[in-house]
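*Asks:* what shape does this take:
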Amino acid sequence: MTTEQKEILSMEDAMQEYDLKRINRGDLIKGKVINVTEEEVFINIGSYKDGVITKEELSEDKDVKPSDILKVDDEVFVMVLGVGKGEESILLSKKRADAIKVWEKIKEVSKNNGEINIIIKEVVKGGLVGYFEGVRVFMPASQSAARRIDDLTIFIGKSLEVRIIEFDKNRNKVVVSRRIIEEEIKEKEQTVLWNSLKKGEKRTGTVTKLMKFGAFVNIGGLEGLVHNSDLSWKRITDPSEIVSVGDEVTVYVQEFDRDKNRISLAMKEVNKNPWQLLNGKYKVNDVIKVKIVKFVNFGAFAEVEPGVEGLIHIAEISEDNIAKASDVLEMGQEVKVKVLSIDEEAHKMSLSIKEATESSKEYLKYNDTEEEATIGDLFKNALEGFKFE
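*Replies:* Residues are numbered from 1 along each chain as shown. Have a look, this model is predicted:
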């Protein structure tokens, strides 16, 4: 080997040594992808030898393929894990370099109460595991949605916007919530709905639940109650007589209280009030046929026509003393009554079986008397002019 060749080799050794000194373990450097295999990615980092990223150092996601993350000529920031000796490649890590930047981002987002988008990968004990730019995050089952979710597998593969509720960089711990965001969205939507409510306005809703006392109806995100008395003008004992769960109905807003979260709705139309439509149809002393629809301690209510009822006081049922109206009357029984009083504006009508019975007796008595008088008169007239000797 000539002196000139030795000088050239010495210069190359010096350059290699200089390059190695410039690249230290833990450094963050920028490089360009020159080759991608199934297990590794080779990076040109401007040194006399290339760097290599193993599959395990690409991402926290174990199922990801190198080709899914990097392509030839991509520029990438990496962390130096080891310089190596001789022909050994310089060991690099993309996921650790990413983590440094991502953790700074997580810190900033959390500080500002912001959101991040994660991809859900698996269901684990107590919740779900997802990834945010390569960093593993955990979402407890109770924080997965505003409503209860029994089957968490429906989230696998989905991208979710979540709120960071806890993080610890030293422990690589990030806890997130989707529920908080959904509840905030719902609160904003409900505020808009509450502010838009007006008494007397007509709304379309869906029957969501039936109770003994009425039906609950959802009107675009808010739920109101239609009491039995507001379902129909006619008397009902159960809301199922009028509606079923899932029915789409038209309702009217009667009252609402945001603080108590209560909305009172009605299905019966005010302008179709059967009392107002009577328009003097029934008068005092009229004898009409009615149907017994309800018993009370002081008598019975009878349906005059759908939506119009009158009270038969217990004292107006019979001349005899009775303890209960149900002792002498039956539900659904049709009886004749006399109208004692009527107040269409107050929706009140007083009826009497006893008076109707008396009227019938007087009528029959009148008929009998008239017939007897007529026959007597006929005989009298027929016999008039005749003389008996």
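
*Asks:* any weak-confidence spans in the stretch 151-300 of the chain?
*Replies:* Low-confidence segments of the stretch 151-300 of the chain (pLDDT under 70): 270-271.

*Asks:* swap in 80 and give it another go.
*Replies:* 235, 269-272, 276-277 (pLDDT under 80).

*Asks:* contacting residues around the residue nearest in space to the middle of the chain?
*Replies:* In the chain, the centroid-proximal residue (C-alpha atoms, centre = their mean) is Gly221; its distance is 6.0 Å. Contacts for Gly221 (C-beta atoms under 8 Å, 6 or more residues apart in numbering) come out as Lys186, Glu189, Gln190, Leu193. In short, each C-beta sits where N, CA and C put it, glycine included.

*Asks:* then Ile322?
*Replies:* Contacts of Ile322 by C-beta under 8 Å, 6+ apart are Ile314, Val328.

*Asks:* that one in helix, strand or coil?
*Replies:* coil (DSSP: H, G, I helix; E, B strand; the rest coil).

*Asks:* make 865 the starting number, not 1.
*Replies:* Got it, the first residue is 865 from now on, which makes the last one we talked about Ile1186.

*Asks:* wait, Val944 sits on Arg889?
*Replies:* Yes. Taking contacts as C-beta atoms under 8 Å, Val944 lies within contact range of Arg889: 5.5 Å.

*Asks:* show me what counts as buried in stretch 1179-1197.
*Replies:* Glu1180, Ile1181, Ala1189, Leu1193 (16 or more other C-beta atoms under 10 Å).

*Asks:* and stretch 1209-1216, by the same measure?
*Replies:* So stretch 1209-1216, judged by 16+ other C-beta under 10 Å, has buried residues His1211, Met1213, Ser1214, Leu1215, Ser1216.

*Asks:* please apply the same query to stretch 1151-1158.
*Replies:* Ile1152, Val1154, Ile1156, Val1157.

*Asks:* tell me the secondary structure at the second one.
*Replies:* Just to be clear, that refers to Val1154. strand.

*Asks:* Ser953 - nearest residue in space that isn't next to it in sequence?
*Replies:* Using C-beta to C-beta, 6 or more residues apart in numbering and skipping residues adjacent in sequence, the residue nearest Ser953 is Val916, 4.2 Å away.

*Asks:* in the sheet, who's paired with the one you found?
*Replies:* Val916 has these beta-bridge partners by DSSP bridges: Phe906, Leu955.

*Asks:* distance of it from Ala963?
*Replies:* According to C-beta to C-beta, to the nearest Å, Val916 stands 19 Å off from Ala963.

*Asks:* and what of Arg1099?
*Replies:* 71 Å.

*Asks:* kindly report the same for Ser1108.
*Replies:* Ser1108 is 56 Å from Ala963, by C-beta to C-beta.

*Asks:* between those two, who's got more neighbours?
*Replies:* Ala963 (19 against 10; other C-beta atoms under 10 Å).

*Asks:* domains in the protein, by residue range?
*Replies:* Domain assignment for the chain, taken from automatic domain parsing, gives 895-974, 977-1047, 1062-1133, 1138-1221.
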